[in-house]
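Engineer: need a 3D model of the following:
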Amino acid sequence: AGVTIVLSDVGVDRAGESANKQQYAQIDKALRESTNKWKICVWHMNQEAMQVSYKGDAVGWGVYEICRKHGAFIVNGHAHTYSRTKEMSRFGTAPYGFTNKDLQIAPAVRDGTQPTNVIHLSSGEDGSTGVAALGFGGDKKEPQ
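Structural biologist: Reported below is the predicted structural model:
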C-alpha cells in the first residue's frame, strides 16, 4: 500500500500551463511510476476557482487533470484561507493542446446518490479526486 506525495513548484516562477510543462511532466511521471495506493499532489500556487480568496490563476488546469487521472488527492495553498471541493470528475478539457476550465462535480454527487462530504479517489480518464486549499500559514489572514 503506502503513500506517494508529489511536491511541485508548479506556478511559482511563471503562471500558466505552457510555462509549466516541465513541472507537469515531472508530476505525471512520478504518479505514473508510483505503485502506491494513495497518491497526493501538493503545490503552493492554485487556480482562482479552487479557493475562496482573490488570488488569480497560476498553475493551469492541466496539472489538476494529471493528478485526477492518476487518482491523486490535491492539496494547494497560496490564499490564506481554507476551502475544499466536492468530488471532482473533471477540471478541464484540452481540445487544442491546452486545458480549458471545465469543472465537473462527480455524477454521484450531482444526482444525490453520494453524500457531498465524501470524496472517492479513482484513476483513469473517468477518475475522480478532490482539492483542499490550505493556506493557514503566514501573517496575513484573509476573510472567508
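Engineer: so for stretch 105-117, what's the average pLDDT?
Structural biologist: Across stretch 105-117, the average pLDDT comes to 93.
Engineer: for L31, give me its contacts.
Structural biologist: 4, 6, 39, 41, 66-67, 70, 72 (C-beta atoms under 8 Å, 6 or more residues apart in numbering). Where you see a C-beta, it was placed from the backbone N, CA and C, and this is true even at glycine.
Engineer: narrow those to those in strands?
Structural biologist: Among the contacts of L31, the members falling in strands (DSSP state E) are 4, 6, 39, 41.
Engineer: any residues touching stretch 47-65, and which ones?
Structural biologist: Here stretch 47-65 makes contact (C-beta under 8 Å, 6+ apart) with 8, 10-12, 15-18, 20, 23-24, 27, 41, 43, 45-46, 74, 76, 78-81, 83, 85, 90-92, 94, 98-103, 131, 133, 135, 142, 144.
Engineer: now, the residues you listed that are in strands?
Structural biologist: Per DSSP E, the contacts of stretch 47-65 map to strands at 8, 41, 43, 74, 76, 83, 90-92, 100-103, 131, 133.
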